[in-house]
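In: heads up, no residue letters with this:
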């Protein structure tokens with residue numbers, strides 16, 4: 001844990017919005033593609049109605065793990081009364097066959113791409 005940070009607690013916010021749990025995907029994507037506000041929810045269970053209320057009025061694009069796209073689409077549908085979310089097929093179109101078989105998440109993909117990573121127009 002970096003110096004100066006109190007122990008983490010689940011306080012109903014996302015990484016990038018006050019939470020002290022460091023999510024690799026938000027950190028890597030923020031460094032590589034600065035045209036977005038990258039938030040991490042710590043998995044599909046982290047997308048709760050309470051947490052998503054802070055996202056009202058924003059364009060929200062979800063980048064699910066390759067092996068969980070259908071579950072994330074269902075979750076976006078469940079949360080649609082609170083915030084409209086779209087599920088990006090970015091990894092489906094850009095990941096190699098080996099990456100797809102391994103069930104890469106966006107953090108894995110960004111780590112492999114480095115500064116070449118761009119999602120323009122997500």
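Out: Yes, it's here. These numbers come from a predicted model, not from an experiment.
In: make it CA atoms for all contacts and neighbour counts henceforth
Out: Noted.
In: What residues sit buried inside the strand or helix carrying residue 74?
Out: Take DSSP states H and E as the rule and residue 74 turns out to sit in helix 69-78. For helix 69-78, the buried set under the neighbour-count rule, 16 or more other CA atoms under 10 Å, comprises 69, 72-73, 75-76.
In: roughly how far is it from the heart of the chain?
Out: For helix 69-78, the separation from the chain centroid amounts to 13 Å (computed by CA atoms, centre = their mean, to the nearest Å).
In: what about the closest residue to residue 42 other than its chain neighbours, how many residues close to it?
Out: Sequence neighbours aside, residue 23 is the residue nearest to residue 42 in space, at 7.0 Å (criterion: CA to CA, 6 or more residues apart in numbering). Other residues near residue 23 number 17, with proximity taken as other CA atoms under 10 Å.
In: from what I can see residue 23 touches residue 30, true?
Out: No: using CA atoms under 8 Å, residue 23 is not in contact with residue 30, being 11.0 Å away.
In: about what we covered before: let me see the mean pLDDT of the helix holding residue 74.
Out: Average pLDDT, helix 69-78: 94.
In: can you check stretch 87-99 too?
Out: 88.
In: Need the residues that contact the helix holding residue 74.
Out: 44, 47, 62, 64, 84-87 (CA atoms under 8 Å, 6 or more residues apart in numbering).
In: Likewise for stretch 84-92?
Out: 56, 59-66, 69, 72-73, 76-77, 79, 100, 105-106, 109, 119, 122.
In: Check which residues of that stretch are buried.
Out: 84-88, 91-92.
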